[in-house]
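Student: Here you go, sequence then predicted model.
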Amino acid sequence: MAGRLQGTAQLTAVARSDADQADVILRALAVEQAPVTIAKLRAALPAMYRGSPASFRAAVEALGATERVWLFPAGGKKPPLVWDRPPHVLAESVIAGVVGSQKAPLSPADIEKKTCTKLKMLTVAQRRDVVDSLVASGRLFRWPKKPKGRTELIWSRPPRAREYLEAALAAFDKAVNEVADAFADVGIDPHKVRTAALDAIRSREWAGGLSWSPATPVAASGTRVAPPTDDDAILEILAERMAMIDPTSRSGAPVLVSDLRPAVDFLFPQAARFDEVLVRLERAGKLSLLRYDPALSAQPLGPDALVTDGRNTYSGVALR
């Protein structure tokens, strides 16, 4: 009887030890922002929970068998990675990170090419579903096909019509200026040409009924409308544009200055005015500015990606 009790106690101790190790592994993974190697995970645990590399790997694989953790191929001969979040969460992180790091929109084919190696555990169709989900949730945005373009594009901020019209507007500007110069050469006021050009635009069928839009702040009478000067009204527009960039910003998630500045350029045609308003709202306790640390930045940020109050420099904005 004593022997059986002793054996039962030993089995209970072993089971409790395994459970403790599993709990520690799960708690360690819960704070990781991305998958890690099994070796790195083991090194992060207290010595009493590590065991041998082989036994620790077996413990992780046992958790994987019950889908409490997931093992992901790292590509090539690299060791697999482990995380406590399922494949679609990893895919969202990888795809959103890749698209967000680009300086221009990507085609779906480019996104697939840049992410397939890290997301081998998912099929092509599943990866496309993740892209669709990111678009549906407002974390990514579809861009229309450009003239002569073959496919739609996807990026981390919404498209702006002005970007699609720049080439046409540049050609129109050139034509107007050439005609104005020709009229001036024969003694006719070039202002008449520019007035005629503006009237021609307003007479177009597509211009009918237009009064005011953020990109063209003009009232129905044709008089220019001044942007709001009331801080609450400005904050409301900022919050709306931040939510377009990242829906979680409504809950306090930060948005990069480099993303926000072009999204509200109709409010602040002068860069200094943008800085001035954000600093004033920060001092009024209505938003937070996140300090820029060059040492933590993958590459130096230019002035358009920063806000300054004259003493400190900031690269992010968050609502309070």
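Tutor: Received the coordinates, thanks.

Student: and this structure, what are its domains?
Tutor: Following automatic domain parsing, one gets these domains for the chain: 16-79, 87-155, 161-207, 231-319.

Student: Put together a markdown table for these, with mean neighbour count and mean pLDDT on each row.
Tutor: For glycine as for every other residue, the C-beta is placed from the backbone atoms N, C-alpha and C. Below are these laid out as a markdown table (neighbours: other CB atoms under 10 Å; pLDDT from 0 to 100):
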| stretch | mean neighbour count | mean pLDDT |
| --- | --- | --- |
| domain 16-79 | 14 | 84 |
| domain 87-155 | 16 | 87 |
| domain 161-207 | 12 | 85 |
| domain 231-319 | 15 | 83 |
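
Student: Name every sheet partner of the strand ranked longest in the chain and say whether each one runs parallel or antiparallel.
Tutor: With secondary structure taken from DSSP state E, the chain has its longest strand at strand 313-319. For strand 313-319, the paired strands and their directions (DSSP bridges) read strand 255-256 (antiparallel), strand 287-291 (antiparallel), strand 307-308 (antiparallel).

Student: you'd agree Y314 is up against V257?
Tutor: Yes - at 6.8 Å, Y314 counts as touching V257 under the criterion of CB atoms under 8 Å.

Student: Now the common contact residues for the two.
Tutor: The contact sets of Y314 and V257 overlap at L306, V307 (CB atoms under 8 Å, 6 or more residues apart in numbering).

Student: so where do the strands sit in this structure?
Tutor: In the chain, the strands defined using DSSP E lie at 36-37, 70-72, 81-83, 141-143, 153-155, 255-256, 287-291, 307-308, 313-319.

Student: Go ahead and produce PDB holding the CA coordinates of the longest one.
Tutor: Below are the C-alpha coordinates for strand 313-319, written out as PDB (Å, rounded to 0.1, in the frame of the first residue of the first chain):
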ATOM      1  CA  THR A 313      10.400  66.100 -31.700                       C
ATOM      2  CA  TYR A 314       7.500  63.700 -32.000                       C
ATOM      3  CA  SER A 315       6.700  61.000 -34.600                       C
ATOM      4  CA  GLY A 316       3.300  59.700 -33.300                       C
ATOM      5  CA  VAL A 317      -0.100  61.000 -32.300                       C
ATOM      6  CA  ALA A 318      -2.700  59.300 -30.000                       C
ATOM      7  CA  LEU A 319      -6.100  60.400 -28.900                       C
END
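
Student: ok, and what's touching the longest strand of the chain?
Tutor: Against strand 313-319 from outside (CB under 8 Å, 6+ apart): 238-239, 242, 249-250, 252-258, 260, 278, 286-292, 297, 301, 305-308.

Student: residues in contact with L169?
Tutor: By CB under 8 Å, 6+ apart, L169 lies in contact with nothing.

Student: now do 10 Å
Tutor: If you count contacts by CB atoms under 10 Å, 6 or more residues apart in numbering, L169 has them with R162.

Student: got it, and P247?
Tutor: S137, G138, R139, A253.

Student: ok, so of the residues you listed, who is nearest Q21?
Tutor: Closest to Q21 out of these is A253 (34.1 Å), distances taken as CB to CB.
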